[in-house]
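>>> sequence and computational prediction follow.
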Amino acid sequence: MRGMTHPVTDAYLKSCEELQLPSTTDFNGASIEGAGVYDINTRNGLRSHSSAEYLRPALKRANLSIERRAIAQRLVFAPDGRATGVEVLQDGAWRTFSARREVIVSAGAIDTPKLLQLSGLGDSEALGAKGIETRRHLPAVGENLQDHLAASFYYRANRPTLNGVFGSLFGQARLGLQYVLTRKGPFAMSVNQAGGFFRSTPAHERPNIQLYFNPLSYRIPVDASASMVPEPYSGFLIAFNSCRPTSRGRIALASADPAAAALIQPNYLSTDLDIADVIEGSRLVRRIASAPSLAAIIDAEVSPVAIGDQRRKPARLFPRQCQLDLSPLRQLHDGAGCKDIGGGHPASGAWGRRPAHRRRLGLSQCHRRQYQCADHDGCGKGCGDDPRRRGLRT
Ligand SMILES: Cc1cc2nc3c(=O)[nH]c(=O)nc-3n(C[C@H](O)[C@H](O)[C@H](O)COP(=O)(O)OP(=O)(O)OC[C@H]3O[C@@H](n4cnc5c(N)ncnc54)[C@H](O)[C@@H]3O)c2cc1C
């Protein structure tokens, strides 16, 4: 996105420079620290993704087949406890798939622990309460959920931002045409055009705050089916989240019915460290917004406003509307509850990967694959290029 950023984004980068904050031209380089323009995975102007890059090229392999609309209901086990397959519901019909060698569970941070619990792997008391027979008492399944809670600061600008063009049909048509003809422009970019990784105070040994700069402002609709529309004024937003939140939540079953959504209890801001990150991150955002280049284009902070005494608890620092906006960039990371079955986060000592550990649990054939980047630092470095993602197995 370098060289294509909006002038308001450039003002953000200039503000960081004015504050003598570090800068970087490569978030995947030697150091992640500093302000910069984000890299995105694109090919010929089209946003790329792991399906396009890894799955589709592998479709010609004889040992790969894809089943669509197949919703895993529970794992199947051999009498000795090994996972040998999965039962799915596909277009109203039950089907069982069996594996000769191994079963890889990769249903994401929420549904992986849900599927394990539906399969009888979890806390026996909690499973029993839902009428599920315990196959193995594994109280850690569903625990240890980690999520980056993001807070957004909305600003009214005294000059055009992308709110104007995104907010009008004519503007959208113009950007659409630009994209079709040149594969360039805002439609070829992320809304997070710039951002950075910062230490909110010098006491931190490495960056603890990730910032996102959007040259437009929008709220995440409460109704998930509603589309996002820009705010009805010329504005932009700066959001941030803690890089390594220490609050831990959990994923629990709502019922024994696989169609029921899992209960997500994130326990946001339940540690002093996470509260300190929100307060320090807020101060950092305001410092950047007060530096000459951004201050020159800001009419007002729209929300949150009148924070007042910053020693107060974040829940009281943010007005109700802003609390709703605490999660637009929510990133659910691994953590949801599989730490005791191995295959965990390589960057975290708490996540066992030792085969012996798995053997002890009798689940050697059942792997968990979630967000696993060798150098994942809590945020930032994408998994799109994780070579392990190329190891497609059936
Ligand atoms: C808003 C947001 C922004 C993010 N931004 C970034 C970023 O910039 N960079 C980055 O590296 N990461 C980012 N992440 C994180 C990244 O998207 C995830 O870490 C990653 O997608 C996890 O991959 P996964 O394969 O483990 O799970 P998922 O991508 O969640 O895939 C799980 C799949 O399993 C399917 N599934 C679930 N249950 C069942 C079932 N019972 N039967 C069959 N299929 C099932 C789901 O439909 C889904 O397709 C972001 C996440 C969010 C939410």
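Done, it's in.
>>> which SSE is the closest residue to the ligand within the stretch 151-300 of the chain in?
Relative to the ligand, the nearest point of the stretch 151-300 of the chain is residue 258 (6.7 Å; CB to the nearest ligand atom). No exception for glycine: its C-beta is placed from N, CA and C like everyone else's. Residue 258 is part of no helix or strand when elements are defined by DSSP states H and E.
>>> before we move on, what about residue 213?
Short version, using DSSP H and E: residue 213 is in strand 209-214.
>>> that strand: partners in the sheet, and parallel or antiparallel?
Applying DSSP bridges, strand 209-214 is found paired with strand 194-198 (antiparallel), strand 235-242 (antiparallel).
>>> between those strands, which one is closest to residue 101.
Ranking the strands paired with strand 209-214 by their distance to residue 101 (criterion: CB to CB) puts strand 235-242 first, at 38.7 Å.
>>> which stretches of the stretch 151-300 of the chain form helices?
In chain order, the stretch 151-300 of the chain shows helices spanning 162-166, 169-182, 272-290, 292-295, with DSSP state H, counting those that start in this stretch as the criterion.
>>> quick one: which of these is nearest residue 76?
Ranking those by distance to residue 76, with CB to CB as the measure, places helix 272-290 first at 39.4 Å.
>>> residues near the closest residue to the ligand within the stretch 1-150 of the chain, how many?
The shortest separation between the stretch 1-150 of the chain and the ligand is 2.8 Å, found at residue 108 (distances taken as CB to the nearest ligand atom). Around residue 108 sit 16 other residues, with neighbours defined as other CB atoms under 10 Å.
>>> show me the contact partners of stretch 213-230.
Contact with stretch 213-230 is made by 5-6, 8-9, 12, 154-155, 161-163, 166-167, 191-195, 231, 235-239, 302, 324-325, 327-328, as judged by CB atoms under 8 Å, 6 or more residues apart in numbering.
>>> buried ones among the residues you listed?
5-6, 8-9, 12, 154-155, 161-163, 166-167, 191-195, 231, 235-239, 302, 325, 327-328 (16 or more other CB atoms under 10 Å).
>>> related to what we said a few turns ago, from the helices of the stretch 151-300 of the chain, which stretch is densest packed?
helix 162-166 (a mean of 20; mean count of other CB atoms under 10 Å).
>>> how would you label residue 85: helix, strand or coil?
strand (DSSP: H, G, I helix; E, B strand; the rest coil).
>>> anything in stretch 204-222 near the ligand?
No - with CB under 6 Å from any ligand atom as the measure, stretch 204-222 is seen stopping short of the ligand, the closest distance being 9.5 Å.
>>> so where's the stretch 151-300 of the chain uncertain?
Judged against pLDDT under 70, the stretch 151-300 of the chain has no low-scoring part.
>>> ok, back up a step: the residue of the stretch 151-300 of the chain closest to the ligand touches residue 86, doesn't it?
No - Residue 258 is beyond contact range of residue 86, at 11.5 Å (criterion: CB atoms under 8 Å).
>>> please identify which of these two sits among more neighbours.
Neighbours were counted for residue 258 and for residue 86 using other CB under 10 Å; residue 86 has more, 21 against 18.
>>> next up, the contacts around the more buried one.
Taking CB under 8 Å, 6+ apart as the definition, contacts of residue 86 comprise 72-76, 96-97, 103.
>>> now residue 223. Its backbone dihedrals?
phi -80, psi 110 (degrees, to the nearest 10).
>>> what count of nearby residues applies to it?
Residue 223 is surrounded by 6 other residues when neighbours are defined as other CB under 10 Å.
>>> tell me the domain ranges of this structure?
The record, using automatic domain parsing to delimit domains, assigns the chain the ranges 7-49+147-331, 58-142+336-390.
>>> mind putting those domains into CSV with distance to residue 1?
Formatted as CSV, the entries for these read as follows, by distance: least, CB to CB, whole Å:
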stretch, distance to residue 1
domain 7-49+147-331, 5
domain 58-142+336-390, 14
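>>> my read: residue 128 touches residue 122, true?
No - here residue 128 does not reach residue 122: they are 10.0 Å apart, not a contact under CB under 8 Å.
>>> neighbour count: those two, which is higher?
Neighbour tally, residue 128 and residue 122, criterion other CB under 10 Å: the higher count belongs to residue 122, 29 against 11.
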